[in-house]
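Enquirer: output the structure for:
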Amino acid sequence: MSGHSKWASIKHKKAATDAKRGAAFTKVTREITAAAKDGGGNQETNIRLRAAVIRAKEINMPSTNIENAIKKGTGELPGVIYENVVFDAYGPGGVAILIEGLTDNKNRTTAEIRNILSKKNGSMAGAGSTAWMFTSRGFLSVEKTKISEDALMEIALEAGAEDIKSEGENYDIVCDPSNFEAVKAAIKAKNIPTITAEVTKIPNSTVKVTGNEAKQMLSLMEALEDQEDIQAVHANFDIPDEEMEKASE
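Expert: Residues are numbered from 1 along each chain as shown. Below is the predicted model:
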């Protein structure tokens, strides 16, 4: 899981920059609209919508934008209809990649993803060929300087976490998606800041990648995540911390 943990930290830092804010707004707006369309506009009963709205607030999206995105999903306002898309792929070094997106034109998005993979030493794979390598999990990461491992373990496990691991400068907490909000709320109640907190897909096993292939893999990840139709990219690479840090600078 070390690859996932380190990449999550890098993503968090990049998402905090102003240059990325426009793209972040676009992606979370689509997620809110799609979630409202699929499960209704009530955040109390629509878990996916509630999670999307929380993400929107975390990046300081105005409340009006959030409300309009929900109304477009429920049909109260006219808007574009987005469809869920999933792509299976392989990257440098045989790394498995699972790409999730929302698009109003599947053919266009498929062509653009295929083009990115081709340019960045990756390749599209058959439907379902990598999805089985990942499991949905709640994932939270906390800096070690903020709390002791024993204290964090007591809080998280009592709230329903499955495991806590020491990864570099952070503690990584994993839980069942159904317990994610409870674990997140328990940590927040103690005023402990999280580096990242999300329901994501974690690889069941990893592929070690180093050197030029590691650089290529991270370049591919960034290109895929920058594509406006893509909501999430999951990969099972394990890249040494020092190489990950160099690539992120």
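Enquirer: may I ask which helix or strand of this protein has the lowest mean pLDDT?
Expert: helix 2-15 (a mean of 62; mean pLDDT, DSSP states H and E).
Enquirer: buried ones in stretch 149-162, by neighbour count?
Expert: By neighbour count on 16 or more other Cβ atoms under 10 Å, the buried set for stretch 149-162 is 152-153, 155-157, 159-161. Glycine gets a C-beta too; all of them are placed from N, C-alpha and C.
Enquirer: give the other helices and strands that the helix or strand hosting Glu222 contacts.
Expert: Using DSSP states H and E, Glu222 sits within helix 211-226. With contacts taken as 3 or more Cβ pairs under 8 Å, 6 or more residues apart in numbering; DSSP states H and E, helix 211-226 sits against helix 2-15, strand 96-103, helix 106-119, strand 230-235, helix 241-248.
Enquirer: least confident of these, on average?
Expert: Among these, helix 2-15 has the lowest mean pLDDT, at a mean of 62.
Enquirer: neighbouring strands for whichever strand in the chain runs longest, and are they parallel or not?
Expert: Longest strand of the chain, by residue count under DSSP state E: strand 134-143. Sheet pairing of strand 134-143 (DSSP bridges) gives strand 170-175 (antiparallel), strand 196-203 (antiparallel).
Enquirer: check which helices and strands the helix or strand just after the least confident helix or strand of the chain is in contact with.
Expert: Going down the chain from helix 2-15, the next helix or strand is helix 18-39, by DSSP H and E. For helix 18-39, the packing partners by 3+ Cβ pairs under 8 Å, 6+ apart come out as helix 47-58, helix 63-74, strand 96-103, strand 230-235.
Enquirer: is it possible to export these to CSV including distance to Leu117 and mean neighbour count?
Expert: Shown next, in CSV, are the helices and strands packed on helix 18-39 (distance: least, Cβ to Cβ, whole Å; neighbours: other Cβ atoms under 10 Å):
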stretch, distance to Leu117, mean neighbour count
helix 47-58, 26, 19
helix 63-74, 30, 18
strand 96-103, 8, 22
strand 230-235, 11, 22
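Enquirer: now these in CSV, with distance to Thr110?
Expert: Converted to CSV, the helices and strands packed on helix 18-39 look like this (distance: least, Cβ to Cβ, whole Å):
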stretch, distance to Thr110
helix 47-58, 24
helix 63-74, 24
strand 96-103, 9
strand 230-235, 12
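Enquirer: residues of the longest strand of the chain that come out buried?
Expert: 134, 137-142.
Enquirer: check stretch 174-187 too.
Expert: Result for stretch 174-187 [16+ other Cβ under 10 Å]: buried residues 174-175, 179-184, 186-187.
Enquirer: and stretch 76-90, by the same measure?
Expert: 79, 82, 85, 87-90.
Enquirer: now stretch 237-246
Expert: So, applying 16+ other Cβ under 10 Å, buried residues of stretch 237-246: 237-240, 243-244.
Enquirer: SS state for the residue lying farthest from the centre of the chain?
Expert: What lies farthest from the middle of the chain is Glu76; by Cα atoms, centre = their mean that is 28.8 Å. Secondary structure for Glu76, judged by DSSP: H, G, I helix; E, B strand; the rest coil, is coil.
Enquirer: residue contacts, it?
Expert: Gly41 (Cβ atoms under 8 Å, 6 or more residues apart in numbering).
Enquirer: one step back: from the buried residues of stretch 174-187, which is closest to Ile147?
Expert: Lowest distance from Ile147 to the buried residues of stretch 174-187 (Cβ to Cβ) belongs to Ile187, with 8.8 Å.
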